[in-house]
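Visitor: Here's my sequence, what's the structure:
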Amino acid sequence: MASGAQNRVKRAAGDGRGSSVVRKSQGPGAGTESSQLKTALALIADPSRLAGVCVDAAFLLTADHGMNHKRRCYDLDKTLAGMALPIRVSISAERDRYLQHHQGFGGAAWVYLNNAAGDKVIRALSLLPGVETVLTREAAAARYSLYCSRIRDICVFGDRATVFGELDQTSTDLPDTYRSHGLASEIDIPLFAYNAKKLPPANYFERNLDLTPWLYRA
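Guide: Numbers count the residues shown, from 1 in each chain. Alright, predicted model coming up:
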């Protein structure tokens, strides 16, 4: 998960098969690939052509997360205030200055408590349609390999169709073209490896971070 959890490698393969790469706002098959990207994808689809480009080069490609269409977004500050459970603030794990990517909405959110009791906030969030999991900071860190110091009191995770972020109202429906990430449903990612010497078995790469220590192994 892009919120900090390490993503699982769903398929580690040496046969050259890869998945299409598209802009964040477009789904697979939308036809938005540039000519340069199409050339790169053609090389990946037929790895035998790579031998004529760089005979001794190893090609290793993976991703940081998956992406899915989302249908709804909650502003948790306003939602909880409407339940008489005001919080200090909630922050989407995908919030950044690049609003053209996801409008600052993401499938995970950190809740900073104010005076509201944590157990009441957890109970209220758990009852929201589209909320899949609500965890304390300690439980979320243990489950998703997060740093406790970088998340807050309560961690909220939506289902495949739900994200969180700052809105003018408590919630909104999202257009059919909207896509984002940050959920367990975006954890599984591909890994493409070609011409890499002494490549370990596919099950060696359980998470994308496993690729780096293998590359720099002693």
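
Visitor: Would you map the strands across this structure?
Guide: Along the chain, the stretches classed as strands by DSSP state E are 9-13, 59-62, 68-69, 72-74, 89-92, 108-112, 131-136, 154-158, 162-164, 171-173, 179-180, 189-194.

Visitor: What residues of the last one count as buried?
Guide: Taking 16 or more other Cβ atoms under 10 Å as the neighbour-count basis, strand 189-194 is seen to contain the buried residues 189, 190, 191, 192, 193, 194. (C-beta placed from N, C-alpha, C; glycine too.)

Visitor: sorry, back to before: same list as before, the strands of the chain that is, but in CSV and with distance to residue 215 and mean pLDDT included.
Guide: Formatted as CSV, the strands of the chain follow (distance: least, Cβ to Cβ, whole Å; pLDDT from 0 to 100):
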stretch, distance to residue 215, mean pLDDT
strand 9-13, 14, 41
strand 59-62, 7, 79
strand 68-69, 29, 74
strand 72-74, 38, 93
strand 89-92, 32, 91
strand 108-112, 29, 93
strand 131-136, 33, 95
strand 154-158, 31, 94
strand 162-164, 33, 91
strand 171-173, 43, 91
strand 179-180, 30, 73
strand 189-194, 11, 80
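
Visitor: any chance of these in TSV, with distance to residue 121 too?
Guide: What follows is those, written out as TSV (distance: least, Cβ to Cβ, whole Å):
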stretch	distance to residue 121
strand 9-13	34
strand 59-62	36
strand 68-69	27
strand 72-74	14
strand 89-92	10
strand 108-112	7
strand 131-136	8
strand 154-158	6
strand 162-164	14
strand 171-173	17
strand 179-180	23
strand 189-194	32
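
Visitor: ok, and which of these has the densest surroundings?
Guide: Comparing those by mean neighbour count (mean count of other Cβ atoms under 10 Å), strand 162-164 comes out on top with a mean of 30.

Visitor: Per-residue pLDDT of residue 3, please?
Guide: Looking at residue 3, its pLDDT stands at 38.

Visitor: All further residue positions should be reported with the first residue as 34.
Guide: Got it, first residue is 34 now, which makes that one residue 36.

Visitor: average pLDDT across stretch 146-162?
Guide: So the average pLDDT for stretch 146-162 ends up being 91.
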